[in-house]
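Visitor: sequence first, predicted coordinates after that:
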Amino acid sequence: MENMDLAMVKMSWGNFGFDYVHSDSVGNSGCILCVWDVNSFRKVSHTVSDYFVMIRGVWLKIAITLERYLSDHRPILLRESHLDYGPTPFRFYHNWLEIEGFDKLVEDTWRDAYDVASNAMCGMALKLKYLKSKIREWIKSNTKDMKSEVVNSLQDIKKLQAMEMAQKAKIKWCIEGDENSSFFHDAGIFKGIKLNSSMSLSHMFYADDAVFVCHWCDDNINTLIHVLECFYRVFGLRINMSKSKIMGVLVAENKVKSAATKLGCLLLNTPFTYLGTKVGGSMARSHAWEEVINKLGNGNNISFWADYWIGDDTLNVLYLRLYALENSKHVYVSMKLADIKLDNFFRRMPRGGIEHAQFTELSDRVSDVILLSISDRWIWSLEGSGEVTVASIRREIDDKRLSGVTSKTRWIKSVLIKVNIHAWKVMLDALPRRLNISRRGIVIDSILCPICDNGVESSNHLFLTCNLARQLSRMITHWWDTPQVEGNSYDDWWSWLLSLRLSSKYKRILEGIFYVMW
């Protein structure tokens, strides 16, 4: 259409209650027509170009403008007008074509659609309406199945993760040792050696290995084989016998070889190193203890270059060029520090470059060393006094093995003592939940939560993240008119409680309510 007149616009609008502005067509570009209701909008001015039409005016019914004040424009407030323009057109999403079975559904539905209208257009509309309803039902059922598959897949992944966590917990428990490790000794199945009338020794567990000590007999060998086989069947871990060794004390060599063949392990011959010390051989000879004596030192018997006496490394490693100049490689600290120059045993003076730099660094390093008039001795670094105490060892072990607690213990006087104790156990994750029971090495059918079957049953899950716990929390927060609980741990719950805009008194009451719910 090359131009536009009033009659053409009236045919499009339907009546003469309108005003319009248009731009004629230019080349292959069509014309631009802008039409509006004169009862809703009053034109002030307009600008027409070959490629756009701009109209300036005032909205009459639905326009409320704010004061201009210092701004360069007047903000307009628009109100929503609810009008029924009839049924919406049929919408189609292209991704439906990628769903298996969609094409066949459309063909079968269109073929089975009833056509009772005499008018072809009405019949087409009815068939499209019928097709639309069938597609909607099919998409909803298909989407529901897809969601179910995703949920089931996520549950399978969570179950695998839970099984992995349980397996790791069992492995860790077996490495650290538990109450079952002494069962064979207490039951008399595995006979150890008696140290005195009230004490016997059958096994020793370490971080990554174990030592079994027993009387030499066929029953103990068979029991050990049975124990290792049970360990493999329960935990799925097989002991690497190619690295394991067996040794007999005052036992015939042929019997030891026979037992090693039966177990599938190697022979342990003396002397061997145990905990950094040589064991076996003729320990009455003086040279057998030289290694221990050199480590301990006796008075002025600390080597200046070879012993660990200042820093974490020996000086012969830190200062290789100076050590090469040393004539007396085994000089003691007291003899070396007798001369402040430190070059009294050098075959020549250090020259420039790296020798001079190392000599300056060594001089600065030992300049603050003061030799006391007491014998050299080992000190215990865990105590300020330097003495070995059981308490310091216990604290060091607890710091390494016991889990830390970041939150302080809470106590609400308005609730029962047993409720406070229960909340305290929730904070420490010390309740006998399925995950904790599994970590103890006790075999159970499942470690999943029995309420929702959608997560490992731990204290955090049971009281904070389980669906039932979340529903109860929502009811409590709705009752108190507070934000919902956020977080998946006790620390997160405690941070949420502290963030509430309530007085301390009301916070303690709300805290007590959660304790009672738990």
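Guide: Structure's in. What do you need?

Visitor: all helices of the stretch 251-400 of the chain, in order?
Guide: For the stretch 251-400 of the chain, the helices defined by DSSP state H, counting those that start in this stretch cover 253-263, 290-296, 315-318, 320-325, 333-336, 354-366, 390-401.

Visitor: report the mean confidence score over stretch 134-143.
Guide: Per-residue confidence for stretch 134-143 averages out to 81 on the pLDDT scale.

Visitor: can you put the helices of the stretch 251-400 of the chain in CSV and add mean neighbour count, distance to residue 146 and mean pLDDT?
Guide: For glycine as for every other residue, the C-beta is placed from the backbone atoms N, C-alpha and C. Below are the helices of the stretch 251-400 of the chain laid out as CSV (neighbours: other CB atoms under 10 Å; distance: least, CB to CB, whole Å; pLDDT from 0 to 100):
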stretch, mean neighbour count, distance to residue 146, mean pLDDT
helix 253-263, 14, 55, 84
helix 290-296, 12, 69, 45
helix 315-318, 17, 65, 82
helix 320-325, 16, 69, 82
helix 333-336, 17, 77, 74
helix 354-366, 14, 70, 82
helix 390-401, 10, 47, 72
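
Visitor: right, so of those, which gets closest to residue 454?
Guide: helix 390-401 (31.6 Å; CB to CB).

Visitor: quick check: angle from the helix ranked longest in the chain to helix 390-401?
Guide: What stands out as the longest helix in the chain, according to DSSP state H, is helix 120-176. Regarding helix 120-176 and helix 390-401, their directions subtend 160 degrees when assessed with axes from the mean of the first three to the mean of the last three CA atoms, to 10 degrees.

Visitor: so what secondary structure elements neighbour helix 120-176?
Guide: Under the contact criterion of 3 or more CB pairs under 8 Å, 6 or more residues apart in numbering; DSSP states H and E, the helices and strands touching helix 120-176 comprise helix 102-112, helix 218-235, helix 434-439.

Visitor: in terms of secondary structure, what does the second one contact?
Guide: Okay, so that is helix 218-235. Counting contacts by 3+ CB pairs under 8 Å, 6+ apart, helix 218-235 is packed against helix 120-176, helix 253-263.

Visitor: quick one, helices of the stretch 401-518 of the chain?
Guide: When assigned using DSSP H, counting those that start in this stretch, the helices of the stretch 401-518 of the chain occupy the ranges 417-428, 434-439, 459-460, 467-480, 490-499, 504-517.

Visitor: give the rounded mean pLDDT of the third one.
Guide: If I follow you right, that is helix 459-460. Here helix 459-460 scores 78 as its mean pLDDT.

Visitor: how far does that helix sit from its chain's centre?
Guide: For helix 459-460, the separation from the chain centroid amounts to 15 Å (computed by CA atoms, centre = their mean, to the nearest Å).

Visitor: likewise the fourth one?
Guide: What separates the centre of helix 467-480 from the centre of its chain is 27 Å, taken as CA atoms, centre = their mean.

Visitor: residue 412 reaches residue 420, doesn't it?
Guide: Yes: counting by CB atoms under 8 Å, residue 412 sits close enough to residue 420 to count as a contact (6.1 Å).

Visitor: pull out the CA atoms of stretch 343-358 and give them to me as PDB.
Guide: Only the C-alpha atoms of stretch 343-358 are listed here, as PDB (Å, rounded to 0.1, in the frame of the first residue of the first chain):
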ATOM      1  CA  ASP A 343      86.300 -20.200  60.800                       C
ATOM      2  CA  ASN A 344      88.700 -21.900  63.300                       C
ATOM      3  CA  PHE A 345      88.300 -25.300  61.600                       C
ATOM      4  CA  PHE A 346      88.100 -24.100  58.000                       C
ATOM      5  CA  ARG A 347      91.000 -25.100  55.700                       C
ATOM      6  CA  ARG A 348      90.800 -21.600  54.200                       C
ATOM      7  CA  MET A 349      88.800 -18.400  54.600                       C
ATOM      8  CA  PRO A 350      85.500 -18.100  52.800                       C
ATOM      9  CA  ARG A 351      85.800 -16.200  49.600                       C
ATOM     10  CA  GLY A 352      83.400 -13.900  47.900                       C
ATOM     11  CA  GLY A 353      80.100 -14.900  46.300                       C
ATOM     12  CA  ILE A 354      78.000 -17.700  47.700                       C
ATOM     13  CA  GLU A 355      80.700 -18.700  50.300                       C
ATOM     14  CA  HIS A 356      80.700 -15.200  51.800                       C
ATOM     15  CA  ALA A 357      76.900 -15.000  51.700                       C
ATOM     16  CA  GLN A 358      76.500 -18.400  53.500                       C
END
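
Visitor: any weak-confidence spans in the stretch 201-350 of the chain?
Guide: Under the criterion of pLDDT under 70, the regions of the stretch 201-350 of the chain flagged as low confidence span 201-209, 234-236, 273-301, 309, 312, 340.

Visitor: any chance of CSV for the helices of the stretch 251-400 of the chain, columns distance to residue 220?
Guide: Converted to CSV, these look like this (distance: least, CB to CB, whole Å):
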stretch, distance to residue 220
helix 253-263, 9
helix 290-296, 32
helix 315-318, 46
helix 320-325, 52
helix 333-336, 51
helix 354-366, 55
helix 390-401, 31
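
Visitor: quick one: which of those is nearest residue 470?
Guide: Distances from residue 470 to each of the helices of the stretch 251-400 of the chain were compared using CB to CB; the minimum, 33.4 Å, belongs to helix 390-401.

Visitor: could I get the contacting residues of the residue nearest to residue 484 when sequence neighbours are not counted?
Guide: Nearest in space to residue 484, with sequence neighbours left out and distances taken as CB to CB, 6 or more residues apart in numbering, is residue 477 at 5.1 Å. Listed by CB atoms under 8 Å, 6 or more residues apart in numbering, the contact set of residue 477 reads 483-485.

Visitor: and if you look at residue 490?
Guide: Residue 490 is in contact with 407, 426-427, 459-460, 464, counting by CB under 8 Å, 6+ apart.

Visitor: relative to residue 320, which of the residues you listed is nearest.
Guide: Looking at the contacts of residue 490 and their distance to residue 320, the nearest is residue 407, at 52.1 Å (CB to CB).

Visitor: rewinding a little: let me have the contacts of residue 490 in JSON lines, extended by neighbour count and distance to residue 77.
Guide: Supplementary listing: the contacts of residue 490 in JSON lines, determined by neighbours: other CB atoms under 10 Å; distance: CB to CB, whole Å:
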{"residue": "407", "neighbour count": "13", "distance to residue 77": "51"}
{"residue": "426", "neighbour count": "20", "distance to residue 77": "53"}
{"residue": "427", "neighbour count": "19", "distance to residue 77": "53"}
{"residue": "459", "neighbour count": "20", "distance to residue 77": "53"}
{"residue": "460", "neighbour count": "22", "distance to residue 77": "49"}
{"residue": "464", "neighbour count": "21", "distance to residue 77": "45"}
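
Visitor: looking at the residues you listed, spot the one nearest residue 51.
Guide: For the contacts of residue 490, the minimum distance to residue 51 (CB to CB) is 61.8 Å, reached by residue 464.

Visitor: surely that closest one is in contact with residue 494?
Guide: No: no contact is recorded between residue 464 and residue 494 when judged using CB under 8 Å, the distance being 10.9 Å.

Visitor: about what we covered before: between residue 412 and residue 420, what contacts are shared?
Guide: Residues touching both residue 412 and residue 420 by CB under 8 Å, 6+ apart: residue 515.

Visitor: one step back: among the helices of the stretch 401-518 of the chain, which comes closest to residue 18?
Guide: Minimum separation from residue 18 across these (CB to CB) falls at helix 467-480, 52.9 Å.

Visitor: residue 216 versus residue 239, what's the distance?
Guide: Using CB to CB, to the nearest Å, we find residue 239 at a distance of 20 Å from residue 216.

Visitor: cool, residue 509 as well?
Guide: Between residue 509 and residue 216 the distance is 69 Å, computed by CB to CB.

Visitor: distance of residue 104 relative to residue 318?
Guide: From residue 104 across to residue 318, the span is 80 Å (CB to CB).

Visitor: again, but for residue 110
Guide: Separation of residue 110 from residue 318 (CB to CB) stands at 88 Å.
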